[in-house]
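# okay, sequence plus prediction incoming.
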Amino acid sequence: MNRISTLLLLAVGSLLVLSLTMLASATMLRDNNSWVIRQAVACGVGFLAFSVVALLDLKWVHRVTWYCYGATALMLLLTLSPLGSRRLGAQRWLFGTQPSEFAKVALVLALAWFAARYRHRMSTFMTGALGMGAVASPLLALILLEPDKGTTVLLGVVMLGVMLVAGGRWSHATFLALLGAAGMAVTIFKSGYAMDRINAFVKPEANRDSAAQLNQSLYAFSEGGLDGKGLGRGSLKFKVPEQHTDFIFPVIGEELGLMATLGVVGAFVVILLCGAAIAHRCEEPFHVLLAAGITFVIAGQACFNMGVVTGLLPNKGIALPFISRGGTGVVVMMTLVGLLVNLSRHAVVPEAVGRRGKSNPFEDADTDLSQ
């Protein structure tokens with residue numbers, strides 16, 4: 001295992017340990033810490049998924065891309081059927097899992113496959129903008145219908161990122177972003193609770209009830225100070241709903257202090273840099289784009305969550321990767337990390353790059369991947 005993979009796994013492992021520790025504190029009123037036990041089991045399943053994916057033949061991963069995409073689309077459809085479970089005003093669960101989490105893997109694979117195969121036409125509007133939009137739209141539409149606006153926005157941003165890395169034009173990406181923003185605005189205007197969140201973000205002083213969760217979050221950060229109140233001594237977990245999922249970061253800030261929160265941010269920066277380094281060292285276009293897409297998913301979701309709990313973004317209801325409670329989320333994130341480690345195993349080491357004069361994989365004469 002190379003140094004980049006080692007550093008990546010150290011960062012992820014630290015976040016998982018912190019997750020179980022903080023969940024034990026954030027859910028201390030729960031009988032027998034059942035959530036912590038279930039999260040630990042999910043981490044075990046995630047480690048198994050990581051181990052399997054890290055050793056897979058990447059050619060096989062390429063071949064099964066559209067089977068994964070189709071299976072995920074079917075699961076999302078079933079989630080919206082009577083087989084799905086509805087909680088807190090959203091229908092996002094199917095047999096105890098969240099298929100929208102699996103969509104993160106399926107969509108990144110499909111986008112990387114499409115962009116790599118047609119990389120020499122990615123600068124055109126038909127292939128770059130409409131083609132990538134056509135790949136992403138079915139999954140995004142099904143996720144939005146649940147509704148899950150946060151995941152929809154995240155995956156839309158990931159699509160734009162992969163498109164730009166593959167050579168798409170900024171003007172086309174801007175057009176898609178504006179089109180998506182307009183569609184999301186219409187959806188929000190038709191949703192009462194979503195409008196309440198926007199109003200609370202724009203004018204928190206005039207919408208104190210809707211902004212109460214954010215206000216408590218900011219208060220927790222300020223109360224934690226540099227060193228924190230001490231593990232288990234915070235009060236936020238008694239006042240804020242979903243403190244074990246979307247708002248676990250403020251619990252860390254209150255109980256462990258500024259240094260711990262900066263450590264969490266640092267761990268995600270390490271993951272981001274490792275993902276970028278792996279993508280840079282890959283030779284195959286599919287590998288480059290897959291590594292970039294995975295990095296966008298993990299780093300983007302972390303940025304969204306931290307932006308919400310610090311008041312920089314409207315409340316989207318999105319989890320903090322590796323830390324927030326959620327079995328499906330942990331398994332999916334560990335699967336993505338396994339793919340990154342697998343890609344790192346096949347990447348070119350710096351010495352080899354220098355000796356061989358590695359060229360840009362997107363400037364080859366072929367228009368299709370080698371069969």
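Structure's in. What do you need?
# tell me which stretches of the chain form strands.
Per DSSP state E, the chain carries strands over the ranges 84-87, 90-94.
# ranking helices and strands of this structure by mean pLDDT, which lands last?
When each helix and strand of the chain is scored by mean pLDDT, DSSP states H and E, helix 350-356 comes last, with a mean of 50.
# for V108, find the nearest of the strands of the chain.
Closest of the strands of the chain to V108 is strand 90-94, at 19.5 Å (criterion: CB to CB). C-beta: built from backbone N, CA, C; applies to glycine.
# and the closest residue to V45 other than its chain neighbours, how far from L10?
Using CB to CB, 6 or more residues apart in numbering and skipping residues adjacent in sequence, the residue nearest V45 is V331, 5.4 Å away. To L10, V331 is 20 Å away according to CB to CB, to the nearest Å.
# between the two, who's got more neighbours?
More crowded of V331 and L10, by other CB atoms under 10 Å: V331, with 23 against 13.
# I'd guessed the more buried one sits against G46; true?
Yes. Counting by CB atoms under 8 Å, G46 is a contact partner of V331 at 4.4 Å.
# one step back: pick the most deeply packed of the strands of the chain.
Among these, ranked by average contacts under mean count of other CB atoms under 10 Å, first place goes to strand 90-94 (a mean of 19).
# S19: which of the strands of the chain is closest?
Among these, strand 90-94 comes nearest to S19, with 20.8 Å by CB to CB.
# restricting to C-alpha, output that closest one in CSV.
Provided in CSV are the C-alpha atoms of strand 90-94 (Å, rounded to 0.1, in the frame of the first residue of the first chain):
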residue,chain,number,x,y,z
ALA,A,90,-40.0,12.1,3.2
GLN,A,91,-40.1,8.6,1.5
ARG,A,92,-36.4,7.7,1.4
TRP,A,93,-36.2,4.3,2.9
LEU,A,94,-36.5,0.8,1.3
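# just checking, what packs against it?
Secondary-structure packing of strand 90-94 (3 or more CB pairs under 8 Å, 6 or more residues apart in numbering; DSSP states H and E): helix 65-79, strand 84-87.
# can you point out the buried residues in the first one?
In terms of neighbour count (16 or more other CB atoms under 10 Å), helix 65-79 has its buried residues at T65, C68, Y69, T72, A73, M75, L76, L77, T79.
# and stretch 283-302, average pLDDT?
Averaged over stretch 283-302, pLDDT sits at 95.
# buried stuff in that stretch?
Neighbour counts using 16+ other CB under 10 Å place 284-302 of stretch 283-302 among the buried residues.
# cool, stretch 264-273 as well?
Within stretch 264-273, the residues scored as buried using 16+ other CB under 10 Å are V264, A267, F268, V270, I271, L272, L273.
# contact partners of that stretch?
Defining contact as CB atoms under 8 Å, 6 or more residues apart in numbering, one finds that stretch 264-273 is touched by 7-8, 10-12, 14-15, 18, 249, 252, 295, 298-299, 302, 306, 321, 323.
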